[in-house]
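Chemist: One predicted model, sequence on top.
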Amino acid sequence: NYYAGWLTVKPISFTGEDKVATCGSTVQLNVNTNYSGPGIPEYSWNPSTGLSKPDIPDPVTVVSGDMEYIVTMSTPVGCIISKSILISLQPVSTPTICLVNVDSTNKNIIYWEKQVNMPIDSFYIYKETFITDVYEKIGVISLNDDNIFLDTASNAQIQSNKYRISVKDTCGYESAASAPHKTMHLTLNQGFSNVWKLIWEPYIGISVSTYYIYRGTTSKTLELIGTTSGSNTQYSDLTAPTGQVHYQIEIVSPFECSVPDDGAGLKSSALSVNRSRSNLVSFIPSGLEETVINTEFFSVFPNPAKETLNIDSDKIRISDGTIELCNIAGNVILEVSLKSSGAQINISDLESGFYIIRIKTD
């Protein structure tokens, strides 16, 4: 006797998901099958380099870039099936500029917040060229360095500047550039009598609610004289004093930047920065020039310095004086006496960076 019927064949399925991961992270690959025949399937991953075990269905690897793996499964009954598994590198998130500022030497400073728990190698600093929205890289800052960049090529008295930053991860990939921040540039125009009109380019990068106007009869004695809405870019001073006059514009950011140095010069300290000022503009009538120390009277060496900074004043007779070492935020972090022969400053405990020497004599 013969019996005729249908034989149902269930095809072998072989599934696995693609992965998305950051540089340096550990990823477990895996494939699944519905094979239920005799024996145990064998697996082979290609390429096998970097895999914990290339002959299992779920090896582990460390991500260093985009990678495509081909896994092949062979069953004891002669079935062979392959599948592609793709690992895509997820770029490091775009960094954010916290604030740009102008220091007392009319150089621009860029502050940013360091991203924690991210595989970052370094930060790239970009500056807009003379072509709108075309940027050039002007600096590379290691993750281990301070989150401050001083643009020594800038001159805030001439123009404002726009900056962006990006990060390079430890796999060598660069993130997208941040949103731009732009410094303020202030100009001064004289009206009738002692009326002065201030016009400035607005700060770009954060929402400005208020501009603060500062004035002084010397560049070191500025005081707040007025405020105006963040939508304005002009201010008229109708009560300016006669003689020399100096102005500066300031904004206060709703965000604070955490940067090294609280004024004590300690490497473990940090300073919260949330204010940005424009360039300083001045009117000094002829014959009323501010007192300026002739730098030829002093020698400061070595520069750069690592352990000790020497100030030599042999070319000028001094009976009493002081030397102030300031950080780029203008805070005095060290003060020593200046004698007729000069002075020596121990700077071995200071964080690497840019500092300003201020010398006051009798």
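Modeler: That came in fine, so what should we check first? Residues are numbered from 1 along each chain as shown.
Chemist: Next, count neighbours for Val134.
Modeler: Residues near Val134, counting by other Cβ atoms under 10 Å, number 9. Bear in mind the C-beta positions are built from the backbone N, C-alpha and C, glycine included.
Chemist: can you check Gln90 too?
Modeler: Gln90 has 15 neighbours, counted by other Cβ under 10 Å.
Chemist: Report pLDDT for it.
Modeler: Gln90 is assigned a predicted lDDT (pLDDT) of 86.
Chemist: So what does it have for phi and psi?
Modeler: According to degrees, to the nearest 10, the main-chain angles of Gln90 amount to phi -90, psi 120.
Chemist: my guess is it contacts Lys19, does it?
Modeler: No - Gln90 is beyond contact range of Lys19, at 9.7 Å (criterion: Cβ atoms under 8 Å).
Chemist: who's in contact with Ile138?
Modeler: Contacts of Ile138 were listed using Cβ atoms under 8 Å, 6 or more residues apart in numbering, and they are 125-127, 151, 153.
Chemist: mind listing the strands for the stretch 51-200 of the chain?
Modeler: For the stretch 51-200 of the chain, the strands defined by DSSP state E, counting those that start in this stretch cover 60-62, 67-74, 80-89, 97-102, 108-112, 120-128, 135-142, 148-151, 162-169, 181-182, 185-190, 196-201.
Chemist: Looking at these, which is nearest to Lys53?
Modeler: strand 60-62 (8.3 Å; Cβ to Cβ).
Chemist: What are the buried residues along the closest one?
Modeler: Judged by neighbour count (16 or more other Cβ atoms under 10 Å), strand 60-62 contains these buried residues: Thr61.
Chemist: could you redo the strands of the stretch 51-200 of the chain as TSV and give each row distance to Leu309?
Modeler: Shown next, in TSV, are the strands of the stretch 51-200 of the chain (distance: least, Cβ to Cβ, whole Å):
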stretch	distance to Leu309
strand 60-62	45
strand 67-74	51
strand 80-89	45
strand 97-102	25
strand 108-112	22
strand 120-128	27
strand 135-142	24
strand 148-151	18
strand 162-169	30
strand 181-182	32
strand 185-190	33
strand 196-201	36
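Chemist: nearest to Asn46, of those?
Modeler: Short answer: strand 67-74, nearest of the strands of the stretch 51-200 of the chain by Cβ to Cβ, at 5.0 Å.
Chemist: can you redo the contacts of Ile138 as a markdown table with pLDDT and distance to Ile357?
Modeler: Below are the contacts of Ile138 laid out as a markdown table (pLDDT from 0 to 100; distance: Cβ to Cβ, whole Å):
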| residue | pLDDT | distance to Ile357 |
| --- | --- | --- |
| Ile125 | 97 | 25 |
| Tyr126 | 98 | 30 |
| Lys127 | 97 | 27 |
| Asp151 | 95 | 20 |
| Ala153 | 94 | 21 |
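Chemist: From those residues, pick the one nearest Val252.
Modeler: Closest to Val252, out of all of the contacts of Ile138 and judged by Cβ to Cβ, is Asp151, at 22.2 Å.
Chemist: What distance do you get for the closest one to Gln115?
Modeler: As for Asp151, its distance to Gln115 is 22 Å (criterion: Cβ to Cβ, to the nearest Å).
Chemist: For the two, indicate the residue with more neighbours.
Modeler: A side-by-side neighbour count of Asp151 and Gln115, using other Cβ under 10 Å, places Asp151 first with 20 against 17.
Chemist: can you pull the contacts of the residue nearest the centre of the chain?
Modeler: The chain has Trp112 as the residue nearest its centroid, 3.7 Å off, counting by Cα atoms, centre = their mean. For Trp112, the contacting residues are 95-98, 123, 147, 165, 178, 257, by Cβ under 8 Å, 6+ apart.
Chemist: Mind doing that once more with 6 Å?
Modeler: By Cβ atoms under 6 Å, 6 or more residues apart in numbering, the contact list for Trp112 reads 95, 97-98, 147, 165.
Chemist: Cross-check the contact I'm expecting between Glu42 and Ser74.
Modeler: Yes - if you go by Cβ atoms under 6 Å, Glu42 and Ser74 touch, sitting 4.8 Å apart.
Chemist: which of the contacts of Ile138 are buried?
Modeler: 125-127, 151.
Chemist: These: which two are farthest apart?
Modeler: Tyr126 and Asp151 (10.9 Å).
Chemist: Now do the strands in the stretch 201-350 of the chain.
Modeler: Counting by DSSP E, counting those that start in this stretch, the strands of the stretch 201-350 of the chain are 210-216, 223-229, 234-237, 245-260, 270-277, 281-283, 299-301, 308-312, 321-327, 332-337, 342-346.
Chemist: which stretch among the ones you listed comes nearest Ile131?
Modeler: It is, among the strands of the stretch 201-350 of the chain and with distance given as Cβ to Cβ, strand 270-277, at 24.9 Å.
Chemist: The closest one packs against which elements?
Modeler: strand 97-102, strand 245-260 (3 or more Cβ pairs under 6 Å, 6 or more residues apart in numbering; DSSP states H and E).
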